[in-house]
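Engineer: please find the sequence and the predicted model below.
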Amino acid sequence: WFGDLDFGMIYVDDPMPKFADWRGLDDDWFFHLDGNSNYRNEQGYYFEFYGRNLGLESRDLDMRGGKAGRYELRASYQEIPRYLGHGTVSPYAGVGTDVLTLPADWDQTAGNDNSFAPVALESKRKRLGAGLTFKMGRKWSYELDVERQTRKGTEAFGGGVFPFNGVAFPAPVDYTTDLFDMGLKFIGEQAQIRLGFMGSEFDNGYRSVSYDNPFSLGFGDDVAQRALEPDNEYAQVNLTGAWRISKRFRVSGKAAAGEMKQNVAFLPYTTNPQYADLALPRSSLNGKVETSVYKLAGRAYLKLADRLDLTAYYKVDERDNKTPVDEYTPVMMDVFVSSPRSNRPYGYERKQGVAELRYRPSYKIRLNAGIKRDERERTYQEIIKADEDSYWGEIQFVAWSWLDTRLKYESLKRDTDDHVQQGNYDRDEHPLMRKFNMADRDRKRYTVEFNVTPMERMSIALSWYQTSDDYDESVIGLTDGEDSAINLDFN
């Protein structure tokens, strides 16, 4: 056995509000305890223990053990405190629940200072995990990891009320997330492959929160209700692998297909009894999104194996949103019935191809040049298809062992299809308006970097870049832009 233990006392006096956030340290005495321990024997059995902040609310614990080359068992536990409100007050009773009520003597015209009481906007996340690795011979292994995360407390939330824009109040937090990850892995001399499955399930202990309207005018808007984060689940099957065909050629790839679902029952449009007969088009969203990622990468040495090589990859990323489209009639601020509008299940397909050539004419100089093609297709957007071509050149020069210099130039050009108005719910945008992240654009970027290592334990990095953008097809909106920055890092 071997290890170490660090313990003592911590006293915190009148800390800054953000000091306790994440740490769990407030105005008080605390017991400090850190430690780690390791065990090894000649038969290959081992045990490892790691603990940090064990006497605080930010404690972190990790344990693992097994037999080298055969199996491993592991477990972990972590707490993460968040203090989100400092000096926060609220007139609502029932903080920490899903029903918030105002005092009986609440005066909506002047308020009542005596009705406001301190409110702790804080939460604590707990993570409990376990896993195992079982090796079947020298090349095959099986991995399994499970984790449960819980988060409880309160956080700031807001909702619209009539006749003003909105009201802020403490909403309850009661989240539970279960994570699952398993995989079968093969590692050979020339090839590696892993077949995996991962999943997550999120459960919210509170479906909604209702609150008294502090500015009610008697239009049926006395009580409002707002939905909280809905339950949902995700599952994915993935396959990764790499194959070294020869000393000069290696390929790797990844494929993944997943599905997200959310089907929590809808709340009514409003709690206003005047619109109790306003029917929803369906009882729940029946949301469903299918995701897929395919990536193929290769690396080949061309001609001079020690001086010239080529790196390339191709990637397809798709988000197929199959959520049904329906027409809804919202009630604004629980008083005004809005015009009907449809939901927009956004989706996209993105294809990327990159090739980079690297040449090293001498020990001190390295030259890089590359090209990239990025194609995107979106649904329910003003620009359905956009293509961007990128070219870059780079030189790295090592004048001395303690100085590394890099100069890089990039040119990017984005071309888009015709602009198609999607409508903005009775407020159409100007037909000449363009969103800068989807508009045609020419970009030039210059980068200069210096990395200095004056001594073994010291490094200095100085970098500068400048970007110039020209949105040559935009009439209204962002038409041009420049961005530059200087960064200095010292380690």
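Structural biologist: It's in.
Engineer: could you use CA atoms for every contact and neighbour count after this?
Structural biologist: OK.
Engineer: ok, residue 228 to residue 115 distance?
Structural biologist: According to C-alpha to C-alpha, to the nearest Å, residue 228 stands 26 Å off from residue 115.
Engineer: oh sorry, the question was meant for residue 58
Structural biologist: For residue 58, the distance to residue 115 - C-alpha to C-alpha - is 34 Å.
Engineer: give me the more crowded residue out of the two.
Structural biologist: Each of residue 58 and residue 115 has its neighbours counted (other C-alpha atoms under 10 Å); residue 58 has more, 21 against 17.
Engineer: what about that one, which SS state?
Structural biologist: Secondary structure for residue 58, judged by DSSP: H, G, I helix; E, B strand; the rest coil, is coil.
Engineer: you'd agree it is up against residue 82?
Structural biologist: No. Between residue 58 and residue 82 there is no contact under C-alpha atoms under 8 Å: 9.7 Å.
Engineer: which residues touch residue 392?
Structural biologist: Residue 392 makes contact with 369, 370, 371, 408, 409, 410, 411, according to C-alpha atoms under 8 Å, 6 or more residues apart in numbering.
Engineer: show me what it is bridged to.
Structural biologist: Judged by DSSP bridges, the bridge partners of residue 392 are residue 370, residue 410.
Engineer: how deep is residue 487 tucked in, by neighbour count?
Structural biologist: If you count neighbours by other C-alpha under 10 Å, residue 487 ends up with 10.
Engineer: quick check: it vs residue 398, distance?
Structural biologist: Taken as C-alpha to C-alpha, the span from residue 487 to residue 398 is 20 Å.
Engineer: which strands or helices does the helix or strand of the chain with the lowest mean pLDDT pack on?
Structural biologist: One helix or strand of the chain scores below all others by mean pLDDT, DSSP states H and E: strand 287-301, with a mean of 81. Under the contact criterion of 3 or more C-alpha pairs under 8 Å, 6 or more residues apart in numbering; DSSP states H and E, strand 287-301 touches strand 249-262, strand 308-321.
Engineer: tabulate these (a markdown table), appending mean neighbour count and distance to residue 360.
Structural biologist: As requested, the helices and strands packed on strand 287-301 are exported to a markdown table (neighbours: other C-alpha atoms under 10 Å; distance: least, C-alpha to C-alpha, whole Å):
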| stretch | mean neighbour count | distance to residue 360 |
| --- | --- | --- |
| strand 249-262 | 18 | 18 |
| strand 308-321 | 18 | 7 |
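Engineer: as CSV, those with mean pLDDT would be great.
Structural biologist: Shown next, in CSV, are those (pLDDT from 0 to 100):
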stretch, mean pLDDT
strand 249-262, 92
strand 308-321, 91
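Engineer: wait, which of these is closest to residue 331?
Structural biologist: Of all those, strand 249-262 sits nearest to residue 331, with 23.1 Å by C-alpha to C-alpha.
Engineer: name the element the nearest residue to residue 154 once chain neighbours are set aside belongs to?
Structural biologist: Once flanking residues are discounted, residue 154 sits nearest to residue 172: 4.6 Å by C-alpha to C-alpha, 6 or more residues apart in numbering. If you go by DSSP states H and E, residue 172 is part of strand 167-187.
Engineer: can you spell out which helices and strands pack onto that strand?
Structural biologist: Checking 3+ C-alpha pairs under 8 Å, 6+ apart, strand 167-187 ends up next to strand 140-159, strand 191-204.
Engineer: now that strand: mean pLDDT?
Structural biologist: Strand 167-187 carries an average pLDDT of 95.
Engineer: quick check: angle from that strand to strand 140-159?
Structural biologist: Using axes from the mean of the first three to the mean of the last three C-alpha atoms, to 10 degrees, the inter-axis angle of strand 167-187 relative to strand 140-159 is 170 degrees.
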